[in-house]
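Chemist: turn this into a structure:
(2 chains)
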Amino acid sequence: MTELDIAGVGIWSPLCSNWKEFRDGIEHGEWQSDVPLKPGLIPPRERRRAPQSVKMAVEVLDQACTMASLDPAKAAVVFSSAMGDMQITDYLCGVLAEPPRLVSPTRFHNSVHNASTGYWSIARETHAPTSAVSALYFTATMAFLEAAIQVLEEDIPVLLVCQEMAAPKALLSACQSNNPISQCVALTRPGFCSDPLASIRFEVEHMKSDWPVLPDQLDNIFNGNPAARMLPLIAAIAGHGMTDSRDEASFKFPLSDGASLNINLKRRKHTTMLT
Amino acid sequence: MRIAISNYTATSCLGSGIASIHRSIESRDSGLCRNDLPNCDLDTWIGRVASLESVTLPKNLAPLESRNNRLTWLGLQQDGMLARIQSLIDQIGVERIGVVMATSTSSIGRTEEGYTRLDESGLFPPDYDQPGVHNLHSPGLFVAAATGLTGPSLTISTACSSSAKVFATAARWIGFGLVDAVLVGGIDSLCLSILHGFNALELLSAKPCRPFDAERDGINIGEAAGFALLVRKDLAPEAEFELLGYGESSDAHHMSHPHPEGKGAVLAMQKSLKRADLQASSIEYVNLHGTASKVNDRVESDALSQLFNDRTLASSTKGWTGHTLGAAGILESIITLESMKHGLIPGTLNYENEDSECGFPVLMENVSKPIQIAMTNSFGFGGNNASLIFGRTDD
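Modeler: Modelled structure (predicted):
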């Protein structure tokens, strides 16, 4: 198995605006509702124009990068989403369905799948590489693998974003996502940060597996959201379901129809200690 | 880890398969035509794959119907690619071959059509109810279904650098040992979103595009599908070319304007040189991003001047193919490989008047010269940059 550290986490959904609120929710079942999305990295004037997808991603990138105390100039980004910005796709296809087919130039340039990483690199003035990927149902696990391999082959920390928006009506048949969620984990080489949240070991196994179940309270909210497939791992970092006295948990995530991504997670720092 | 290019193919407005590239470069015949895409009256030129309307998908792939997937299917059938994939499956096993595709807009053309036919409740009619098509991974899903490849499969979408970045990801996957070979590809097809979007940004030219020309006034959009089979060198000792290096960077400047001093572009080229362990003077030819937009060409010229002297030949081939967006990286990689194979370096079609703001010398005419090492650049929206270096295998 291959080892990595998770040095920081970021999360935003209508239920929780950050890691502390997520942890409170997981521990006590106390969830927020309709929390605002106001990424501090995007100036208020630009925030009104920035698409929701960009605001979600920049917010969780900032949270995870800050928690991990990483220098953004020396951290790559892998952004993942099965469908990309579905609100902009809905807008473009709606406008183009009949004349005069006048498209907003800003919404067009924001339609690229790497819009979020573009905004991030501008906001943090980082020239580090960024990527944006999809693997439809397997987006979260394939993006994890892509990010993990970058950490090891390029010897650079990677901020991995797993994000999906709520699908507009016409696209619901393609993606049954009813609520948006964005999560970010800061992946580093073992020991890169002196005080990581968790250590993981992973391997690819050529055997079919089923998706781990989501924590009860989140299942009906995020069922069908491809990015939420990573929630069991994120929840375990927060201590959910940690019955193991060694603070370890093992997962088998599907990587394709015939392979799985096996991840063993060991909590290193009890995140209740974090503010 | 040495990465061999065991087979490659490209289909564009120049024709189906790689023979069309050398033929068109040599005769200096452009594939561009006046825009005649249905339901699109924009005054511009496009690089359209002429035979695409007559392509039909085989029965097992028909549920994945879209213009993008038809182009993918047409592209995969050229230059013995499907047979080469099958023999590699027989050689190393299907689990050891990955799929990394690139696109900027995937099958959104099909989604656009679906939106003109939404039913009264705002849903797609049955023939457009295609979850495997209306998503960004549509190229990866289609290629896996068409080739029988079942290994790890990913689609990269970073606008116009997408299909340069597939080479970097494939090299990492092979270096890490995840797989021993990767089928990489890039596919983008003409659609209303792209044409109207670039029109809204006032970036389209109403004439055939003129990269680096003082009178250049914008880009032409093209469509293309390109594929390359990247293999661990020891598994393909007969391969003629290798991927020597790749470099990726961000501009950190603007969503749709390049960094004014080309900082990200320079960084991507420097990183590719470092990975290849080469000096800039070793690069004999650079196939430029050269879109024919006012700003891109000036900035790219400036970036080249920061690294290379005029012994390095450079040209843009977008006057032949238009800007094929998410397919541009691999199409221009393949044009570069064909230049090396035939010893014929393309000039820059439609470039007639030197621009004093573009200081680096860019070839107008084709040059016959054997070359061993060449670079290609791809820069995208969001300030996303990638450079690749290819070399002729010398052992």
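
Chemist: ends of stretch B:177-190, what's the gap?
Modeler: 36 Å (CA to CA, to the nearest Å).

Chemist: cool, and stretch B:199-218?
Modeler: Counting by CA to CA, you get 10 Å between the two ends of stretch B:199-218.

Chemist: ok, and for that stretch, which residues are buried?
Modeler: Residues of stretch B:199-218 classed as buried by neighbour count (16 or more other CB atoms under 10 Å in any protein chain shown): B:199-201, B:203-205, B:207-213, B:216-218. The C-beta positions use only the backbone N, C-alpha and C, and glycine is treated the same way.

Chemist: so which two of the residues you listed are the farthest from each other?
Modeler: Across the buried residues of stretch B:199-218, the longest distance by CB to CB is 24.8 Å; it joins B:A200 and B:F212.

Chemist: residue ranges with poor pLDDT in the stretch 101-250 of chain A?
Modeler: For the stretch 101-250 of chain A, no stretch has pLDDT under 70.

Chemist: now the residue in the stretch 51-200 of chain A that chain B sits nearest to. Nearest residue, chain neighbours left out?
Modeler: Of all residues in the stretch 51-200 of chain A, A:G118 sits closest to chain B, at 2.8 Å by CB to the nearest CB. Computed as CB to CB, 6 or more residues apart in numbering or on different chains, the closest residue to A:G118 that is not its neighbour in sequence is B:G382, at 2.8 Å.

Chemist: was I right about that neighbour contacting B:C160?
Modeler: No. Contact between B:G382 and B:C160 fails when scored by CB atoms under 8 Å: they sit 9.6 Å apart.

Chemist: the helix or strand where B:Q86 lies and chain A in contact?
Modeler: If you go by DSSP states H and E, B:Q86 is part of helix B:81-92. No. Judged by CB under 8 Å from any CB of the partner chain, helix B:81-92 makes no contact with chain A; its nearest approach is 13.9 Å.

Chemist: run the chain-centre distance for that helix.
Modeler: In terms of CA atoms, centre = their mean, to the nearest Å, the centre of helix B:81-92 is found 23 Å from the chain centre.

Chemist: same check, this time on stretch B:339-346
Modeler: 18 Å.

Chemist: buried stuff in it?
Modeler: So, applying 16+ other CB under 10 Å, buried residues of stretch B:339-346: B:S339, B:M340, B:L344, B:I345, B:P346.

Chemist: tabulate those residues (TSV), appending pLDDT.
Modeler: Below are these laid out as TSV (pLDDT from 0 to 100):
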residue	pLDDT
B:S339	98
B:M340	98
B:L344	98
B:I345	98
B:P346	98
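
Chemist: distance to B:Q306 and secondary structure added to those residues, as JSON lines?
Modeler: Output for the buried residues of stretch B:339-346, formatted as JSON lines (distance: CB to CB, whole Å; DSSP: H, G, I helix; E, B strand; the rest coil):
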{"residue": "B:S339", "distance to B:Q306": "24", "secondary structure": "helix"}
{"residue": "B:M340", "distance to B:Q306": "25", "secondary structure": "helix"}
{"residue": "B:L344", "distance to B:Q306": "28", "secondary structure": "strand"}
{"residue": "B:I345", "distance to B:Q306": "22", "secondary structure": "strand"}
{"residue": "B:P346", "distance to B:Q306": "23", "secondary structure": "coil"}
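
Chemist: how about those, which pair is most distant?
Modeler: So, those by CB to CB: farthest apart are B:M340 and B:P346, at 11.6 Å.

Chemist: which neighbours do the two have in common?
Modeler: Common contacts of B:M340 and B:P346, defined by CB atoms under 8 Å, 6 or more residues apart in numbering or on different chains, are absent altogether.

Chemist: nearest residue to residue 174 in space, please, no chain neighbours.
Modeler: Went with chain A since none was named. Using CB to CB, 6+ apart, the closest residue to A:A174 is B:H134 (4.0 Å).

Chemist: that answer is for a different chain, and I need it for chain B
Modeler: B:R232 (5.6 Å).

Chemist: isn't A:R107 up against A:L92?
Modeler: Yes. A:R107 lies in contact with A:L92 (CB under 8 Å); the separation is 7.3 Å.

Chemist: who has more neighbours, these two?
Modeler: A:L92 (28 against 18; other CB atoms under 10 Å in any protein chain shown).

Chemist: tell me the contacts of that one?
Modeler: A:V103, A:R107, A:F108, A:S111, B:I108, B:E112, B:S193, B:G197.

Chemist: helix/strand/coil for it?
Modeler: Three-state call for A:L92 (DSSP: H, G, I helix; E, B strand; the rest coil): helix.

Chemist: need the pLDDT of it.
Modeler: You'll see A:L92 listed with a pLDDT of 98.

Chemist: measure it to B:H196 for me?
Modeler: 8 Å (CB to CB, to the nearest Å).

Chemist: what's the overlap in contacts for those two?
Modeler: Common neighbours of A:L92 and B:H196 (CB under 8 Å, 6+ apart) are A:V103, A:F108.

Chemist: which stretches in the stretch 1-150 of chain B count as helices?
Modeler: B:19-27, B:67-76, B:81-92, B:108-115, B:138-147 (DSSP state H, counting those that start in this stretch).

Chemist: centre of the chain to the fourth one, how far?
Modeler: Looking back up the chat, that one is helix B:108-115. On CA atoms, centre = their mean, the centre of helix B:108-115 falls 23 Å from that of its chain.

Chemist: again, but for the last one
Modeler: From the chain centre to the centre of helix B:138-147 is a distance of 18 Å (CA atoms, centre = their mean).

Chemist: quick one: strands adjacent to whichever helix or strand comes after that helix?
Modeler: Under the assignment DSSP H and E, the closest C-terminal helix or strand after helix B:138-147 is strand B:153-156. Under the criterion DSSP bridges, strand B:153-156 sits next to strand A:130-134 (antiparallel), strand B:97-102 (parallel) in its sheet.

Chemist: put the alpha carbons of strand B:153-156 into PDB.
Modeler: Extracted in PDB, the C-alpha atoms of strand B:153-156 (Å, rounded to 0.1, in the frame of the first residue of the first chain):
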ATOM      1  CA  SER B 153     -10.400   6.100 -17.000                       C
ATOM      2  CA  LEU B 154     -10.400   9.900 -16.600                       C
ATOM      3  CA  THR B 155     -11.300  13.000 -18.700                       C
ATOM      4  CA  ILE B 156      -9.300  16.100 -18.200                       C
END
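
Chemist: pLDDT on the helix or strand following that strand, on average?
Modeler: Per DSSP H and E, the first helix or strand lying C-terminal to strand B:153-156 is helix B:162-176. Summarised as a single mean, pLDDT over helix B:162-176 is 98.

Chemist: the following helix or strand past helix B:162-176 pairs with which strands?
Modeler: Counting by DSSP H and E, the element after helix B:162-176 in chain order, helix or strand, is strand B:181-188. Within its sheet, strand B:181-188 is paired with strand B:97-102 (parallel), strand B:224-232 (antiparallel), according to DSSP bridges.

Chemist: go through strand B:181-188 and flag the buried ones.
Modeler: B:A181, B:V182, B:L183, B:V184, B:G185, B:G186, B:I187, B:D188.
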